[in-house]
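> 3D model of this:
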Amino acid sequence: MRDLPAKVKTAIHVATLARKAGLPIPAKVRPILEEAAAPWPAEWLLAPLPGDPIRVVELFAGPGGWSEGIAAVLGVKVDAVGVDISEDACATARAAGHRRICADITTLDPEHIALRHTVAVIISPPCPTFSPAGKLSGLEQGNVQILCDAIAYVGEAAGFIPMEWHHNDYDDECGCDPDDPDGKGCHGDGFAPRSGASWDEVREMAADVTDPRIALMLEVVIWPLALQAAGAPIRWMAMEQSSNLPEEILDDLSCEFSCAEWFYTSREIMEAADYGLPSRRKRVYMIASRTYSPTVTRRIRPLPATTMAQALGWQPGERVNTRGTRPIDPKTGRAKGGNCFSADGPSWCLTGKSRTWKRESDGYRLTEAEAGLLVGFRRSYPWRGSRTSAFQQAADVVSPVMAAIVLSGMFGVLGEALVRDYLAQLYDMDNMLTQDDFELIT
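Residues are numbered from 1 along each chain as shown. This next block holds a predicted model:
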């Protein structure tokens, strides 16, 4: 991380003294801190005090799935800032009480001085290039190879290539003595020096992929290793992506973390409907830790199923039309294209086009609140933007329930009990309350 000007160091010192005394940051130094920390919070330039929550960076943070999972489901307090390029998604998250920076993640410096006390990174790169709902360009072998080559260079750029590998690769160029414990220029801790490549140059290595969203998978390893290289107390990383993500990419990500001496990586494909949610959504989740070996599910067992009808308060027997009136197949007597499903089970995976779904019995269309409810948000969640935008946000977001399940091990909480309680509040409360109870609540 870059060194701080004397003026900023003085401002940090003054602000820290004020915090220790239980006072707000003095007005005279706040502008100095804000300018130095931008776009991150000015307070992040100060070291956390004992008892302060950990600092978490959320990338591709969207409308708040991970944030809600931590706060509303697990009840854990963290000092988190999310980054997303969508103004509507950021507006939704802010309205729900979550901090957001609306920006292109690739334009931000992962070694920014304001991030020097970051403990965790949570990241959900866009999935359309890997998902069946998209064009699957991320599965093309040429794109996979370009991305994997770039991933494999991240450790070298961050300075986490084991010294023996460095000497094997650069015997003719490196003046280091492999037998010298100090390495004569190589890090004495067993790593070769950083390659000197900037993070923009590393990203440029993946510029030839056919869809630039594929290259955003690089950020999964750039940010944690960049923070580690800069001396931040980074302890863990969590990632979510389409279950179609190729194994080669997951393997290369794990390899980079392992080379940088991250103690453990774990990944698992999980279906949301198996954990009590009333909609289907299969995703791969990955966690990496520098300190201990958690598992993705933290021994959380599959939970009782919730049907779409149960979640939305519909009567049994309802069916949902997803694609309008379509020709009837004479062989089956059903509409061609698989455009209907029963609401007496989990709904199909939501997409942005779910805004056109309608109940067959009366043509009723889902509301934005109901779309959010199907993916695990409370009915009152403050979706922002147009109807089209709100449905796209609900389709892209990580479910708070799945976020809580994945992160419960990282926070050391009883995830299953908390998830069961949250699901009961979302989907069973209608059955628990009388009309008088509803009137009292509202």
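> Endpoints of stretch 332-347, how far apart?
Stretch 332-347 has its terminal residues 22 Å apart, counting by C-alpha to C-alpha, to the nearest Å.
> Next: stretch 360-373.
End-to-end for stretch 360-373, by C-alpha to C-alpha: 20 Å.
> Give me the contacts around it.
Identification of contacts with stretch 360-373 by C-beta atoms under 8 Å, 6 or more residues apart in numbering yields 278, 311-312, 318-321, 340, 350, 354-359, 374, 378-381, 383, 387, 390-391, 394-395, 426. To be clear about C-beta, it is placed using only N, CA and C from the backbone, and glycine gets the same treatment.
> Might you calculate how far it sits from the centre of the chain?
Distance of stretch 360-373 from the chain centroid (C-alpha atoms, centre = their mean, to the nearest Å) equals 27 Å.
> how about it: buried residues?
Neighbour-count burial for stretch 360-373, with 16 or more other C-beta atoms under 10 Å as criterion, is recorded at L366, T367, E368, A369, E370, A371, G372, L373.
> With stretch 93-108 instead?
For stretch 93-108, by 16+ other C-beta under 10 Å, it's A93, R94, A96, H98, R99, R100, I101, C102, I105, L108.
> quick one: the second one from R384, how far?
To tie it back to what came earlier, the one meant is R94. Using C-beta to C-beta, to the nearest Å, one obtains 8 Å as the distance from R94 to R384.
> With the first one instead?
From A93 across to R384, the span is 9 Å (C-beta to C-beta).
> swap in the fifth one?
If you measure R99 against R384 using C-beta to C-beta, the figure is 15 Å.
> So which elements touch the lengthiest helix in the chain?
Longest helix in the chain by number of residues (criterion: DSSP state H): helix 141-158. Contact partners of helix 141-158 among helices and strands, from 3 or more C-beta pairs under 8 Å, 6 or more residues apart in numbering; DSSP states H and E: helix 199-204, helix 212-215, helix 219-229, helix 247-259.
> Alpha carbons only: can I get that helix in CSV?
The C-alpha coordinates for helix 141-158 follow below in CSV (Å, rounded to 0.1, in the frame of the first residue of the first chain):
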residue,chain,number,x,y,z
GLN,A,141,-12.3,-23.7,-24.2
GLY,A,142,-10.5,-20.7,-25.7
ASN,A,143,-12.0,-18.4,-23.1
VAL,A,144,-11.4,-20.8,-20.2
GLN,A,145,-7.7,-21.1,-21.2
ILE,A,146,-7.2,-17.3,-21.4
LEU,A,147,-8.9,-16.8,-18.0
CYS,A,148,-6.9,-19.7,-16.4
ASP,A,149,-3.6,-18.3,-17.7
ALA,A,150,-4.4,-14.9,-16.2
ILE,A,151,-5.5,-16.5,-12.9
ALA,A,152,-2.2,-18.4,-12.8
TYR,A,153,-0.3,-15.1,-13.0
VAL,A,154,-2.0,-13.4,-10.0
GLY,A,155,0.2,-15.0,-7.4
GLU,A,156,3.3,-13.9,-9.3
ALA,A,157,2.1,-10.4,-9.5
ALA,A,158,1.2,-10.4,-5.7
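> mind listing what's buried in that helix?
Result for helix 141-158 [16+ other C-beta under 10 Å]: buried residues 143-144, 146-148, 150-158.
> Please render these as a markdown table that adds pLDDT and distance to D344 to the earlier fields.
Putting these into a markdown table (pLDDT from 0 to 100; distance: C-beta to C-beta, whole Å) gives the following:
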| residue | pLDDT | distance to D344 |
| --- | --- | --- |
| N143 | 96 | 40 |
| V144 | 96 | 40 |
| I146 | 97 | 45 |
| L147 | 97 | 41 |
| C148 | 97 | 43 |
| A150 | 97 | 46 |
| I151 | 97 | 43 |
| A152 | 96 | 48 |
| Y153 | 97 | 51 |
| V154 | 97 | 47 |
| G155 | 96 | 50 |
| E156 | 95 | 54 |
| A157 | 96 | 52 |
| A158 | 96 | 51 |
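> Name the nearest of those residues relative to E58.
V154 (19.9 Å; C-beta to C-beta).
> So the residue lying closest to the closest one once chain neighbours are set aside versus S254, what's the distance?
Closest residue in space to V154, ignoring its immediate chain neighbours: V221 at 4.8 Å, by C-beta to C-beta, 6 or more residues apart in numbering. Distance, V221 to S254, using C-beta to C-beta: 10 Å.
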